[in-house]
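Chemist: my questions concern the predicted model and sequence given below.
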Amino acid sequence: QVQLVESGGGLVQAGGSLHLSCTASERTLRKYVMGWFRQAPGKEREFVATIAWSGDRTYYADSVKGRFTISRDNAGNTVYLQMNSLKPEDTAVYYCAATDSILETRIATSGEYTYWGQGTQVTVPS
């Protein structure tokens, strides 16, 4: 059982930046594909970004491409999401997720991920 704990959320003005972290209890985090999803009030959970176990491939939702960067430190069992140029529409609870294998065509499907964190709130006032 992999436990994921997110941190780094908060309130930031539009145009600002936040750095989210997701630390895993599993010492072999390198085995997992790691993703970030978000859910705004009244909306479905949506894909944000995913990184391959080796870190050599990354995938982003169109809405965050060029502004967000996903990275990982397998030795430290941590995945990061650097968020720049934040907009009010980025306001949501951000969740970290993990899966041991996934088809590239299913990267953005939340149901494909096995383990989830509890979420961290990101608020960008309009």
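Modeler: The structure has been received and is ready for your questions.
Chemist: all contacts plus neighbour counts: C-alpha atoms, from now on.
Modeler: Noted.
Chemist: what does the pLDDT read for Ser54?
Modeler: Here the pLDDT value assigned to Ser54 is 88.
Chemist: any idea whether the residue nearest to it when sequence neighbours are not counted is helix, strand or coil?
Modeler: Of all residues not flanking Ser54 in the chain, Arg30 sits nearest, at 6.8 Å (C-alpha to C-alpha, 6 or more residues apart in numbering). Classification of Arg30 by DSSP: H, G, I helix; E, B strand; the rest coil places it in helix.
Chemist: residues near Arg30, how many?
Modeler: 20 (other C-alpha atoms under 10 Å).
Chemist: could you pull out the strands in this protein for me?
Modeler: Assigned by DSSP state E, the strands in the chain fall at 4-7, 10-11, 18-24, 33-39, 46-51, 58-60, 68-73, 78-83, 92-99, 115-116, 120-123.
Chemist: so which of the ones you listed is nearest Thr105?
Modeler: strand 58-60 (10.8 Å; C-alpha to C-alpha).
Chemist: which residues does Val5 form beta bridges with?
Modeler: Thr23 (DSSP bridges).
Chemist: what's the answer for Met83, then?
Modeler: Here Met83, judged by DSSP bridges, has bridge partners Leu18, Phe68.
Chemist: pretty sure it is touching His19, no?
Modeler: Yes: the pair Met83 and His19 qualifies as a contact (C-alpha atoms under 8 Å) at a distance of 6.1 Å.
Chemist: noted, bye for now.
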